[in-house]
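# Quick check, what structure comes out for this input:
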Amino acid sequence: MVINTNIAADNSTSVLESSSAKLSKALQELSSGSKLNSASDNPAGMAVSMQLSAQSGDITAVQGDLSNATSFTQTQDGYLQQVSTALNQMSQLAVSAQDSTITGQDASLYNAEFQQLGSYIANVAEKEFNGVSLFAGSAMVVTIDTGVANNTWSMGTVNMGSTSAYAALSNGTENITTTSAAGTALAAVTDAINQLAQDRGTVGANETRLNYTSNQLAVEQTNVQAANSAISDVDVAQETTNYAQLAVLVQSGTAMLAQANALPQNALKLIMSL
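Sure, this is the predicted structure:
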């Protein structure tokens, strides 16, 4: 029995401080939802988590690029669908203009519509998407992956401006004012329809490739986030159980420290009994 040094109180204090520190950490993790609230919590895990977070951000950015490229191709196809409708109408007009029973006046009316539809095709060839030409035939390079070699892809292009099949109709060269001219114009329209079929095939192939790549990145994003979650996110059920245990230890430690601090009083009572 000693007075100057209370070993029991020192031991109780040490245990209580340890339990209190662990309880404080459990509270921090439960309130933040993260196991990595400072670098000292898990230095290696923090480094890996930062890399996974950066990769996840890059994937999100690539998905944005792919979404824009998909919108670009969908806009292209929307215009080409209308061009298809226009070409079908021009084909019908050219066939009708070859009817020997129509008058010159009728042929002129057919030709007026024919020329307007050609002008429409010329106008479509100049359309843009966010300031970028849709049909100039310029190479469109799309980022399709993150941080690897060959992470870009060039989409197939459509060039309506300088393609002869479209130019013959859009520049007013062809007309259907006479039977013979209508026959020549019909051949030109047929060439344009064939070219349009190829161009829509190109646009469709582009969109299919973009969709597959986007789906692949969605799976990759999910897996990267799952890996990061395993490192950084708190298992609430486990941490709640841990918190309850630590809370009991802190309470019991506090009670035992009070008892340990009372032990020197026994020595004082012994002295006072002299």
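# how much space between the residue nearest to the spatial centre of the chain and Thr73?
Nearest residue to the geometric centre of the chain (CA atoms, centre = their mean): Gln63, 2.8 Å. Separation of Gln63 from Thr73 (CB to CB, to the nearest Å): 16 Å. Heads up, the C-betas are built off the backbone N, CA and C, glycines and all.
# what does Val203 give?
Taken as CB to CB, the span from Val203 to Thr73 is 5 Å.
# what do you get for Met46?
Distance from Met46 to Thr73, by CB to CB: 41 Å.
# With neighbour numbers in mind, choose between the two.
Ranked by neighbour count (other CB atoms under 10 Å), Met46 and Thr73 place Thr73 first, with 26 against 18.
# gap between the strand or helix carrying the more buried one and the chain center?
Using DSSP states H and E, Thr73 maps to helix 43-97. Offset of helix 43-97 from its chain centre (CA atoms, centre = their mean, to the nearest Å): 12 Å.
# continuing past it, what's the next helix or strand?
By DSSP H and E, the next helix or strand past helix 43-97 is helix 104-124.
# so what does that following helix touch, helix or strand wise?
In terms of contacts (3 or more CB pairs under 8 Å, 6 or more residues apart in numbering; DSSP states H and E), helix 104-124 is packed against helix 43-97, helix 164-170, helix 179-232.
# now Ser138: how far from Glu113?
From Ser138 to Glu113 the distance is 32 Å (CB to CB).
# what's the answer for Val141, then?
Applying CB to CB to Val141 and Glu113 gives a distance of 40 Å.
# same thing with Thr152?
44 Å.
# One more: Ala94?
In terms of CB to CB, Ala94 sits 11 Å off from Glu113.
# neighbour count winner among those two?
Comparing Ala94 with Glu113 by other CB under 10 Å, the one with more neighbours is Ala94, at 25 against 13.
# what stretches of this protein score poorly on pLDDT?
1-5, 267, 270, 273-274 (pLDDT under 70).
# how many other residues sit next to the residue lying closest to Gln81 once chain neighbours are set aside?
Setting aside the residues directly before and after it, Gln81 is nearest to Arg200 in space (CB to CB, 6 or more residues apart in numbering), at 8.0 Å. Other residues lying near Arg200 total 17 when counted by other CB under 10 Å.
# Would you check that Arg200 makes contact with Gly78?
No. Arg200 is not in contact with Gly78 according to CB atoms under 8 Å; the separation is 10.9 Å.
# how close does the nearest residue to Val224 once chain neighbours are set aside sit to Gln225?
Setting aside the residues directly before and after it, Val224 is nearest to Ser56 in space (CB to CB, 6+ apart), at 5.0 Å. Per CB to CB, Ser56 is found 6 Å from Gln225.
# With Gln51 instead?
Distance of Gln51 to Gln225, computed by CB to CB: 13 Å.
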